[in-house]
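In: no sequence for this one, just the structure:
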C-alpha cells in the first residue's frame with residue numbers, strides 16, 4: 001500500500017523539475033528519483049517533523065482524556081503521558097510523510113495541472129499525503145491507544161501483548177478505521193486552511209499594496225498561522241468525531257469487525273449520542289494542536305529556506 005502511494009508521488013515528480021536536483025533525478029532509477037525529490041524538498045520535511053513533535057507533546061494529555069472518554073473509562077487524570085514515546089515514534093515520521101508529501105504533491109499538481117483550482121488541488125494532495133503516511137502510523141496508534149486505555153502498562157508489555165494475542169497483524173487492527181477518519185479530516189483541514197489562507201493573504205496583499213516595496217509578497221505571521229490553523233483543525237475535528245469514535249473502538253478491540261460493523265454495534269449498544277463522545281476534548285486537542293503545528297511549520301520552513 002505504501003509502495004503504491006510512493007509510486008503515485010514518483011509519477012508526479014517530473015513536475016518538480018524546476019530545481020537542479022529534481023531535474024537530475026529524472027536520469028536515475030525510481031529510488032534515486034524519490035530520494036532526490038525528498039532532498040530537494042527537505043525544508044518541507046524538516047518543518048513537518050519539528051511541528052509534529054512539538055504539537056503532539058504539548059497536547060498529549062488531552063488526547064489521553066479523549067481516548068478514555070470514548071471508551072467509557074471516565075475522567076481519569078493519572079498517567080496522562082502514558083504512551084507518548086510510542087506516539088512520537090509513529091507520529092513524527094507520519095507528519096514528515098503526510099505534510100511533507102502534501103507540499104510535494106501540491107507543487108507537482110500545480111506544475112502539471114496549472115489550471116486546477118486551489119481547493120481541488122489541496123484536496124487531492126491531502127488525500128495522497130495522508131495515504132502515504134497511514135501505513136507507518138497505524139502500529140503506533142494501536143499501541144498508543146491500548147496504553148492510554150489501560151489495557152497495557154507500557155510500550156514493552158503492549159508490544160508483547162499485541163503480538164501474543166493477534167500476531168504482527170494486530171498492529172494494523174483498525175487500519176481502515178484510521179484511514180476512514182484521517183482522510184476526511186485531512187481533506188477538511190487542508191482545504192479549509194488553504195482556502196482561508198489564500199483569501200486572507202489576498203486581502204492582506206491588497207491592504208498593504210501601498211506600503212510594500214519591490215516584489216515582496218505578504219506572509220503569515222505566527223499569530224495569523226495559529227488562528228487560521230486552529231480554525232481549520234477545529235472544524236475538521238468536530239466533523240470527524242464520529243469516525244474517530246469508531247476508529248478508537250476498532251483499535252482497542254472494544255468491538256470486532258469491519259468499520260461499518262463496528263459503527264452498527266456502537267449504534268445498537270450505546271446509542272447515536274455515543275458517536276460524539278470525546279468531541280469536546282477532541283476539538284480542544286486538535287484546535288490548539290493544529291495551531292501549534294502551523295506556527296512551528298511555517299516558521300521552521302522559512303528558517304530552513306533562509307539557510
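Out: Structure received. Since this is a predicted model, take the numbers as computed values, not measurements.
In: I figured residue 170 hits residue 142, correct?
Out: Yes - between residue 170 and residue 142 there is a contact at 7.1 Å, judged by CB atoms under 8 Å. For glycine as for every other residue, the C-beta is placed from the backbone atoms N, C-alpha and C.
In: shared neighbours, the two?
Out: Residues touching both residue 170 and residue 142 by CB atoms under 8 Å, 6 or more residues apart in numbering: residue 162.
In: which one of these two is surrounded by more residues?
Out: Per other CB atoms under 10 Å, whichever of residue 170 and residue 142 has more neighbours is residue 142, with 26 against 20.
In: that one: what's it in contact with?
Out: Contacts of residue 142 (CB under 8 Å, 6+ apart): 162, 170-174, 251.
In: ok, residue 296 next?
Out: 47, 50-51, 54-55.
In: for it, which non-adjacent residue is spatially closest?
Out: residue 51 (3.9 Å; CB to CB, 6 or more residues apart in numbering).
In: number of residues surrounding that neighbour?
Out: Quick note: residue 51 (other CB under 10 Å) scores 27 neighbours.
In: give me the secondary structure label for residue 169.
Out: What DSSP: H, G, I helix; E, B strand; the rest coil gives for residue 169 is helix.
In: count the residues that sit near it.
Out: Neighbours of residue 169 using other CB under 10 Å come to 10.
In: try residue 45
Out: 21.
In: which element follows the longest helix anywhere in the chain toward the C-terminus?
Out: Longest helix of the chain, by residue count under DSSP state H: helix 175-208. For helix 175-208, the following helix or strand on the C-terminal side (DSSP states H and E) is helix 222-239.
In: let me know the angle separating the very next helix or strand once past that following helix from helix 222-239.
Out: Counting by DSSP H and E, the next helix or strand C-terminal to helix 222-239 is helix 241-251. Calculated by axes from the mean of the first three to the mean of the last three CA atoms, to 10 degrees, helix 241-251 forms an angle of 70 degrees with helix 222-239.
In: who's in contact with helix 241-251?
Out: 67, 70-71, 141-142, 145-146, 173-174, 177-178, 180-181, 184-185, 254-255, 259, 262-263, 265-266, 274-279, 282-283.
In: let's see which of these end up in helices.
Out: In this view, those that belong to helices under DSSP H are 67, 70, 141-142, 145-146, 177-178, 180-181, 184-185, 259, 262-263, 265-266, 279, 282-283.
In: how about residue 176: what's its closest non-neighbour residue?
Out: Nearest residue to residue 176, sequence neighbours excluded (CB to CB, 6+ apart): residue 259, at 5.5 Å.
In: measure that neighbour to residue 66 for me?
Out: Separation of residue 259 from residue 66 (CB to CB, to the nearest Å) stands at 19 Å.
In: what's the local residue count around residue 172?
Out: Taking other CB under 10 Å as the criterion, the count of residues near residue 172 is 16.
In: count of residues packed around the closest residue to it other than its chain neighbours?
Out: For residue 172, ignoring the flanking residues on the chain, the nearest one in space by CB to CB, 6+ apart is residue 138 at 5.2 Å. Burial of residue 138 is recorded as 23 neighbouring residues (other CB under 10 Å).
In: since we're on the nearest residue to residue 83 once chain neighbours are set aside, how many residues are nearby?
Out: Counting by CB to CB, 6+ apart, residue 83 lies nearest to residue 147, which is 3.5 Å off, once chain neighbours are set aside. Neighbourhood size, residue 147 [other CB under 10 Å]: 24.
In: residue 176 too?
Out: 16.
In: repeat for residue 222
Out: 13.
In: rewinding a little: for the residue nearest to residue 172, which residues are in contact?
Out: If a contact means CB under 8 Å, 6+ apart, then residue 138 has 171-172, 174-175, 178 as its contacts.
In: so can I have TSV of the residues you listed showing pLDDT and distance to residue 247?
Out: Converted to TSV, these look like this (pLDDT from 0 to 100; distance: CB to CB, whole Å):
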residue	pLDDT	distance to residue 247
171	92	15
172	91	13
174	90	6
175	91	9
178	89	5
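In: of those residues, closest to residue 236?
Out: residue 178 (15.0 Å; CB to CB).
In: how about the contacts of residue 142, which pair is most distant?
Out: 162 and 174 (11.9 Å).
In: who's more crowded, these two?
Out: Neighbour tally, residue 162 and residue 174, criterion other CB under 10 Å: the higher count belongs to residue 174, 25 against 22.
In: right, I'll leave it there.
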